[in-house]
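Trainee: structure of the sequence below:
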Amino acid sequence: MRVVNLLGIAGLVVGCATVAFAQGQPAPSVELKVGDKAPNFKLQGSDGKTYSLADFAGKKAVVIAWFPAAFTKGCTVECKSLAMNGDKIRTYDVAYFMASVDPIEKNTDFAKAQGADFPLLSDPTKEVATSYGVLNAKGMATRWTFYIGRDGKILAIDKAIKVETSAEDMVAKLGELGVARTKSN
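Mentor: Okay, the predicted model is just below:
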């Protein structure tokens with residue numbers, strides 16, 4: 001009897017996921033872990049360029065700081081922290097981005113308003129957010145930061161972002177992870 005009930009529950013879960021996917025909602029994703037290969041992405045940046053994780057393979061580490069929505073309080077504080085301390089982050093051989101599911105026009109305006117000297121990536125289809133496991137029930141990205149090595153593997157996932165000190169925390173994490181310094185340092 002228990003086996004039948006468990007099978008029935010499993011069928012219900014699979015059925016619900018299938019219906020959600022068919023209705024245009026993202027299917028639930030598996031949570032990424034340290035050591036996993038980071039999902040590739042190809043997203044437009046607020047600087048007009050398109051960025052792909054594959055572009056950095058074997059060349060430099062990548063940091064993707066997912067954020068819920070442009071022009072909201074916490075996201076504004078985080079973006080300003082990264083913009084004001086970009087020189088410290090750039091002492092490491094790293095490409096770093098903030099990313100959201102906002103349209104590119106909104107992220108471009110947000111980047112300009114905050115004086116961001118780094119690209120904000122837009123994922124309006126929510127496919128990349130889903131593959132990173134950050135898409136939440138509200139259809140926005142959860143504020144998590146992924147640190148990805150030159151080999152494309154996830155070095156760390158920070159799920160406890162303090163927006164006020166996000167840049168300093170990023171610099172500390174890059175050092176802790178042993179990410180190479182730039183040649184000029």
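
Trainee: C-alpha from now on. contacts and neighbour counts both.
Mentor: Noted.

Trainee: tell me the contacts of the residue nearest the centre of the chain?
Mentor: When Cα atoms, centre = their mean is applied to the chain, the residue found nearest the centroid is residue 66 (3.6 Å). Residue 66 makes contacts with 98-100, 134, 141-145, as judged by Cα atoms under 8 Å, 6 or more residues apart in numbering.

Trainee: residue ranges with poor pLDDT in the chain?
Mentor: The chain contains residues with pLDDT under 70 at 1-30, 184-185.

Trainee: how about the helices in it?
Mentor: Remark: helices assigned in the chain by DSSP state H are 2-22, 73-84, 86-89, 104-114, 127-131, 166-176.

Trainee: run the chain-centre distance for the third one.
Mentor: Translated: helix 86-89. Distance, stretch centre to chain centre, for helix 86-89: 19 Å (Cα atoms, centre = their mean, to the nearest Å).

Trainee: what does that helix rub up against?
Mentor: 117-118, 167, 170-171.

Trainee: mind doing that once more with 7 Å?
Mentor: For helix 86-89, the surrounding residues in contact (Cα atoms under 7 Å, 6 or more residues apart in numbering) are residue 171.

Trainee: go on, the second one?
Mentor: Residues external to helix 73-84 that are found in contact with it (Cα under 7 Å, 6+ apart): 67, 69, 114-117, 163-167.

Trainee: what comes up buried for it?
Mentor: Neighbour-count burial for helix 73-84, counted by 16 or more other Cα atoms under 10 Å, picks out 74-83.

Trainee: returning to that earlier point: farthest pair in the contacts of residue 66?
Mentor: Between any two of those, the greatest separation by Cα to Cα is 13.0 Å, found for 98 and 134.

Trainee: returning to that earlier point: of the contacts of helix 73-84, which belong to strands?
Mentor: Per DSSP state E, strands hold no members of these.

Trainee: surely residue 167 touches residue 85?
Mentor: Yes - using Cα atoms under 7 Å, residue 167 is in contact with residue 85, at 6.1 Å.

Trainee: looking at those two, which is more packed in?
Mentor: residue 167 (22 against 16; other Cα atoms under 10 Å).

Trainee: which residue ranges make up the domains of this protein?
Mentor: 1-29, 31-176 (automatic domain parsing).
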